[in-house]
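Q: sharing a model prediction with you, sequence too.
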Amino acid sequence: MRWRWWCPSGMAGHFRSYAWDPVLIVSQMALMQCVFYGFLCLWLALIDVLVQANRTLDQIFSYQVLEFSTAHGRVPLIAFVLNALTCALGLWLFVRRGKQCLDFTVTTHFFHMLACWAYNASFPSALTWWLVNLVCVALMAVIGEYLCMRSELMAIPVSIGPKADL
């Protein structure tokens, strides 16, 4: 009998006992980063076409571009919020665990913060950038967890045969 780290006796008596799989976790993190940046670029391109704005990397990584007061500053704001909704669907499709949604959301935004820091060569200091990212973290985590919990709480069919009348 194989020894498992969560159950020393080797007998898994828990519902949904999973072994720690670092390859799966790293793959899911990489996939969520791809979902984050891929759909952010898609939302920015769609909104930029609608409002006839120029597409630049500054819309994704620059702190100074995110503004409530100008039309060009609101374009990335809208794209970030729409991206949070799309990434929540990504959590539901690829992570599938309500308990892990906040972890993957914070990790995704942490790596985005590091990318922004590297792009700007300075730590984020704009209040608007922090507010937008906090709102996006909250939206992505809550909606992703809601979707995952709905899937986890679905009824599990016990038998596939015809129902017996007792």
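A: Sure, I can see it. Residues are numbered from 1 along each chain as shown.
Q: now for the longest helix along the chain, which elements pack on it?
A: Counting residues, the longest helix found in the chain (DSSP state H) is helix 22-51. Using 3 or more Cβ pairs under 8 Å, 6 or more residues apart in numbering; DSSP states H and E as the contact test, the elements touching helix 22-51 are helix 58-61, helix 71-90, helix 101-120. C-beta here means a position set from N, CA and C on the backbone, and glycine is covered the same way.
Q: would you list the ones you listed in CSV and tack on mean neighbour count and mean pLDDT?
A: Listed next are these as CSV, based on neighbours: other Cβ atoms under 10 Å; pLDDT from 0 to 100:
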stretch, mean neighbour count, mean pLDDT
helix 58-61, 18, 90
helix 71-90, 19, 91
helix 101-120, 17, 96
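Q: which among these is found nearest to residue 46?
A: Residue 46 sits nearest to helix 71-90 of all the helices and strands packed on helix 22-51, at 8.2 Å, using Cβ to Cβ.
Q: show me the contact partners of the closest one.
A: Under the contact criterion Cβ atoms under 8 Å, 6 or more residues apart in numbering, helix 71-90 has outside partners 31-32, 35-36, 39-40, 43-44, 47-48, 51, 53, 59-60, 65-68, 105, 108, 128, 132-133, 135-137, 139-144, 147.
Q: let's go with 6 Å and repeat that
A: Under the contact criterion Cβ atoms under 6 Å, 6 or more residues apart in numbering, helix 71-90 has outside partners 35-36, 39-40, 43-44, 47, 53, 59, 65-67, 132, 136, 139-140, 143-144.
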